[in-house]
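Q: Here's my sequence, what's the structure:
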Amino acid sequence: SSSNQHPNDVFKVLQNATAMDCGSAPGGWTKFLIENGCAMVYSIDPGDMSPIVTSNSKCHHLKMKTQDAILKLGAANGNNENNNQKKGNISVYVSDMCLHTMQSQIDLLLEAKSKGLLSSNALFVLTLKCIVGRSKASYDHQAQKAVEILMQRTSAGVITSSSSISSVTIIHLFANRSG
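A: The predicted structure follows:
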C-alpha cells in the first residue's frame, strides 16, 4: 500500500481480489475478506474452519501448514495451463498465525513472494503475536525488529525493487487474556 493511502482505500483493494489467509481457522479473517469484496480466499490452516465460512464458494480451505500450501500453490503456478492459478495473482496476504517468533511471519511472507504467488503490489497484514514478554514495550521492540528485518531484506533484493514496500504501519492491539 502507498503511504498516502487512506485506510478506506484498503477496502477498494479487496474488490474482486484473490487473497491468501494463513492461520485461518476458525475463519474470521476469511469471512471478513469475502464479506468485503474478495472473489476468492485461500484459507490455509491444518485446523477446522467454521462451516459458515467453508460453505461459501469463495473460500478454498487448504487443510495444511502454510509452508506446504505455499509449495502446493507455487507448484500450481508453474503449470498454469492446467489450473486457474495465475502467477502473482494473490493481491492480499493475511497471516494470523501464532508462531514462535515474529520473524517466522516474515519468512513465510517472503517465501510466498519468492514462489511467485503474490502480485507486485500485494497488500499484506501480519498479526505479530508477542509470546515473550507481555508489556507494550516488549511488543513494540519485537515488532520494530521484525519490521527492520523485513525492510533489510527488501533493500538486500529479497523483494525486488519492482515490488518494494511502500509503507509499514504498526498497530498495537493488546489482548487481555488470562491463562
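
Q: After the helix or strand harbouring Leu71, which helix or strand is next?
A: In this assignment (DSSP states H and E), Leu71 forms part of helix 66-77. Sequence order places strand 90-95 as the next helix or strand after helix 66-77, per DSSP H and E.

Q: May I have that following strand as PDB, with CA atoms only?
A: Listed in PDB are the C-alpha atoms of strand 90-95, where the atom choice follows Å, rounded to 0.1, in the frame of the first residue of the first chain:
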ATOM      1  CA  ILE A  90      -2.700 -13.100  -4.900                       C
ATOM      2  CA  SER A  91      -3.100  -9.400  -4.100                       C
ATOM      3  CA  VAL A  92      -4.000  -9.700  -0.400                       C
ATOM      4  CA  TYR A  93      -1.900 -11.700   2.100                       C
ATOM      5  CA  VAL A  94      -3.100 -12.100   5.700                       C
ATOM      6  CA  SER A  95      -1.400 -14.000   8.400                       C
END
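
Q: And it, what does it pack against?
A: helix 9-14, strand 18-22, helix 28-35, helix 102-114, strand 118-126 (3 or more C-beta pairs under 8 Å, 6 or more residues apart in numbering; DSSP states H and E). Yep, even glycine has a C-beta here, placed from its N, CA and C like the rest.

Q: and it, what's its mean pLDDT?
A: For strand 90-95, mean pLDDT is 94.

Q: what sits up against that strand?
A: For strand 90-95, contacts defined as C-beta atoms under 8 Å, 6 or more residues apart in numbering pick out 13-14, 17-23, 29, 33, 38, 42, 66, 105, 108-109, 112, 117-119, 121-127.

Q: how about a cut-off of 7 Å?
A: With contact meaning C-beta atoms under 7 Å, 6 or more residues apart in numbering, strand 90-95 is reached by 13-14, 17-23, 29, 33, 38, 105, 108-109, 112, 117-119, 122-127.

Q: So in that sheet, which strands flank that strand, and in what orientation?
A: The pairing partners recorded for strand 90-95 under DSSP bridges are strand 18-22 (parallel), strand 118-126 (parallel).

Q: what's the most buried one of the ones you listed?
A: Most buried of these, by mean neighbour count (mean count of other C-beta atoms under 10 Å): strand 18-22, with a mean of 28.
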